[in-house]
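**Student:** Kindly generate the corresponding structure for this input.
(one chain, ligands or ions: 1)
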Amino acid sequence: MALKHRNRSFRKVSVKLSTRVTVHYRKRNPARAQCGKCGKFLQGVPRAKPVALRTMPKTKKRPQRPYGGVLCSACTRKVMIIKARA
Ligand SMILES: [Zn+2]
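**Tutor:** Below you'll find the model as predicted:
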């Protein structure tokens, strides 16, 4: 494995080859999605690489509601109340 991959940016994976176990370096998963307003980590949004997201159904990538995958439930509720009053 190339030396340029031997750093903390990559995660170590021990791979069993036919006779020995070696360390391979793989890319880390992306960071958890956060609410655009309060910064809370979002539920129901997967931490997956773009390759995995490509084959994943849209309904599994974010909650099925307005602002799903953008705002948390508490912030969505606040925004909806403000919108209804305006
Ligand atoms: Zn929020």
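**Student:** is the top helix by length along the chain anywhere near the ion?
**Tutor:** Counting by DSSP state H, the longest helix found in the chain is helix 73-85. Yes: contact of helix 73-85 with the ion (Cβ under 5 Å from the ion) involves residue 75. Yep, even glycine has a C-beta here, placed from its N, CA and C like the rest.
**Student:** Off-centre distance for that helix?
**Tutor:** 25 Å (Cα atoms, centre = their mean, to the nearest Å).
**Student:** And for stretch 51-64?
**Tutor:** Averaged C-alpha coordinates place stretch 51-64 at 11 Å from its chain's average position (Cα atoms, centre = their mean).
**Student:** cool, stretch 20-35 as well?
**Tutor:** On Cα atoms, centre = their mean, the centre of stretch 20-35 falls 11 Å from that of its chain.
**Student:** which residues are contacting stretch 3-18?
**Tutor:** 21, 22, 23, 24, 25, 26, 27, 28 (Cβ atoms under 8 Å, 6 or more residues apart in numbering).
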